[in-house]
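Novice: A predicted structure for the sequence below; I have some questions about it.
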Amino acid sequence: MTPRPPAVPPPASPADVAATLSIKAGDTRTLSILRRDVPPEPTDPSPPPPEVGTRVGTFVLQEKLGEGVSCHVFRGWDEAQSCPVALKILNWANVYDRPAAMKQLRTEAAALARVKHPQVVRFLDFGFDPRWPYLVTEFFEGRPLGELLRGGGALPPAWALYLVSQMADALGAVWQAGLVHRDIKPDNILIGPNGNAKLIDFGLAKADGLRASRGEPTGPELAGTAAYLAPEQAKDASTVDHRADIYSLGVTLYEALTGRLPFEGRNRVQVIFQHLSTPPVPPTERAEGIPPLASDLCLWMMAKDPADRPQNYEELRQALNTVVGVGR
């Protein structure tokens, strides 16, 4: 049975918040990795993009898995440990503010290193090659849930609830580590051949209250994916807590149950406006065969007001247990 983390603790004190992204003292390897003196820019001002066969540190790139606006993702081989790994490498060609991109990647590494859970991809390394900065995690053989939904539509309710249940356990560990993921969506959930799921991509993760504790500007921050964005995150992503992740997980459950997003529009602004003000159509009215309790749970997780959603991991876990138990 997957170990269950305790309920989300109360907000941290300013002293605790200042150390939110520090690593446990006993994890000396992780501390040394994240304290490395990494230059803000490559030695070569225009390094070529990484390619299959390139050596990056002690890793050899074997297959390109994807490419985003700011990063390349590869499957690689760890020659020191003789095992496959996944590498996230900054795409310098698309990065305007290189020091900021470097800082974000280091912050992602620090966030991911804090979380130890079977349903969260495991942090392995962080460094500079010196052509590109890179983040290394375990390689998990799986397909994104988003890819499965786009290719086949809605999942059987029991299957959808099983996957979301795993993600609830993963998020419990994330929240217990003092983090908010802020980008929960099907594309950030990998499904293995045996049905096990892993949460990935901590590029937008934040530590509760860290920004305010450092005296940084307090203007609204935009972060997240519009289709899965909690209303409060659409207003200011810098102020959200774990309940924004609960909302996004509710949207993910909605899509898995119905094969459709709760809100659709011609552009990002239209979608965000609906998250802010439009009640979602109950899943039971979108597709047949959805258990009423599963539909109710979905709507509860997607309440507009964070105070009206499940308030912590324990409440969410208990609700999922009830829905799954009744559906058996």
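Specialist: It's in. Every value quoted in this text rests on a predicted model; they were computed, and no experiment measured them. Numbering: from 1, shown residues only.
Novice: so what secondary structure elements neighbour the helix or strand harbouring residue 147?
Specialist: Assigned by DSSP states H and E, residue 147 falls within helix 145-152. Packed against helix 145-152 by the contact rule (3 or more CB pairs under 8 Å, 6 or more residues apart in numbering; DSSP states H and E) you find strand 189-191, helix 242-258. Bear in mind the C-beta positions are built from the backbone N, C-alpha and C, glycine included.
Novice: so for the helix or strand just after the longest one, mean pLDDT?
Specialist: Scanning the chain past helix 242-258 towards its C-terminal end, the next helix or strand to appear is helix 268-277 (assignment: DSSP H and E). Average pLDDT, helix 268-277: 92.
Novice: distance from the chain centre to helix 268-277, please.
Specialist: 21 Å (CA atoms, centre = their mean, to the nearest Å).
Novice: which helices and strands does it pack with?
Specialist: Partner elements for helix 268-277 (3+ CB pairs under 8 Å, 6+ apart): helix 231-235.
Novice: domains for the chain, by residue range?
Specialist: 37-138, 143-327 (automatic domain parsing).
Novice: dump those to TSV, plus mean neighbour count.
Specialist: TSV is the format used below for those (neighbours: other CB atoms under 10 Å):
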stretch	mean neighbour count
domain 37-138	17
domain 143-327	19
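Novice: mean pLDDT for these: which is lowest?
Specialist: domain 37-138 (a mean of 86).
Novice: wait, doesn't residue 223 sit right on residue 237?
Specialist: Yes: contact criterion CB atoms under 8 Å: residue 223 and residue 237 qualify, at 3.8 Å.
Novice: overlap of the contact sets of these two?
Specialist: Taking CB atoms under 8 Å, 6 or more residues apart in numbering as the contact rule, residue 223 and residue 237 both touch 182, 204, 206.
Novice: ok, the last one touching residue 177?
Specialist: No: with the criterion set as CB under 8 Å, residue 206 and residue 177 do not qualify as a contacting pair; they are 11.8 Å apart.
Novice: which residue, neighbours along the chain excluded, lies closest to residue 111?
Specialist: Closest residue in space to residue 111, ignoring its immediate chain neighbours: residue 205 at 4.1 Å, by CB to CB, 6 or more residues apart in numbering.
Novice: residues touching that neighbour, list them.
Specialist: Contact analysis of residue 205 by CB under 8 Å, 6+ apart lists 107-108, 111-112, 174, 179-183.
Novice: just residue 74 next, same as before
Specialist: Residue 74 neighbours (CB under 8 Å, 6+ apart): 50, 52, 61-65, 86-87, 89.
Novice: how far away is it from residue 89?
Specialist: From residue 74 across to residue 89, the span is 7 Å (CB to CB, to the nearest Å).
Novice: mind listing the shared neighbours of these two?
Specialist: In contact with both residue 74 and residue 89: residue 50, using CB under 8 Å, 6+ apart.
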